[in-house]
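[1] Here is a sequence together with a model predicted from it:
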Amino acid sequence: MLNILSVFLGGAIGSVLRYLISLLSKKYFLTPVIGTFFVNIIGCFIIGLVFGLVLKSNVFPNFVRLFIISGFLGGLTTFSSFNLEIFELIKEGKIFLSLAYLLLSLIFGLLSTYLGFILSGAK
C-alpha cells in the first residue's frame with residue numbers, strides 16, 4: 001500500500017508542477033513547447049541521477065524510488081504531450097520547428113540522462 005501511495009502522491013505533485021510550468025511557458029514564451037522541452041530535459045537528468053544512485057548504493061528505499069521515478073517524474077514529464085505538440089506544429093505547417101523540437105528533445109534528453117547518471121557516481 002505504501003508503494004501505491006508513493007506513486008500516487010509523486011504523480012500528483014509532478015502533474016501539478018507540469019501544469020504550472022506550462023502556464024508560465026504560455027505566458028512568457030507564448031507556447032507550451034518551451035515548458036515541455038525543459039520539463040522533459042530536467043526529468044531525464046533526474047531519472048539518470050536517481051537510477052545511478054540506486055545502482056551505486058541503493059540509497060533510496062523502494063517507496064522513495066517509486067515516488068520519484070514512477071510518481072513524480074511520470075507525472076512531470078509527458079511524452080504524450082510532447083508528441084501532441086509536435087503533431088500540432090506539423091499540422092500548422094511548422095515542419096522545421098517540429099523537427100528541431102523533436103531532435104533537440106531527444107538529443108538533450110539523452111545527454112541529460114547520461115549527465116545525471118555520471119554525476120551519481122555509478123559505473
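    Noted; the coordinates are in hand. Keep in mind that what you see is a predicted model, and the values were worked out from it rather than measured.

[2] counting contacts, what elements does whatever helix or strand residue 25 lives in pack onto?
    Taking DSSP states H and E as the definition, one finds residue 25 inside helix 2-29. Applying 3 or more Cβ pairs under 8 Å, 6 or more residues apart in numbering; DSSP states H and E, one finds that helix 2-29 makes contact with helix 33-57, helix 62-65, helix 74-76. Backbone N, C-alpha and C define where each C-beta goes, glycine included.

[3] ok, and the helix or strand in the protein with the lowest average confidence?
    The weakest-scoring helix or strand in the chain, judged by mean pLDDT, DSSP states H and E, is helix 79-91 (a mean of 85).

[4] which SS state does the residue in the chain sticking out farthest from the centre fall under?
    Relative to the C-alpha centroid of the chain, counting by Cα atoms, centre = their mean, residue 93 is the outermost residue, at 26.4 Å. Secondary structure, DSSP: H, G, I helix; E, B strand; the rest coil: residue 93 is coil.

[5] Compute the distance between it and residue 100, please.
    Separation of residue 93 from residue 100 (Cβ to Cβ, to the nearest Å): 14 Å.

[6] circling back: what does the least confident helix or strand of the chain rub up against?
    The contact list for helix 79-91 (Cβ atoms under 8 Å, 6 or more residues apart in numbering) reads 18, 32, 33, 36, 40, 95, 97, 98, 101, 102, 105.

[7] try stretch 100-120
    So stretch 100-120 is contacted by 33, 37, 40-42, 44-53, 55-56, 82, 85-86, 89 (Cβ under 8 Å, 6+ apart).

[8] Buried residues, that stretch. List them.
    By 16 or more other Cβ atoms under 10 Å, the buried positions in stretch 100-120 come out as 101, 102, 105, 108, 109, 112, 113, 116, 117, 120.
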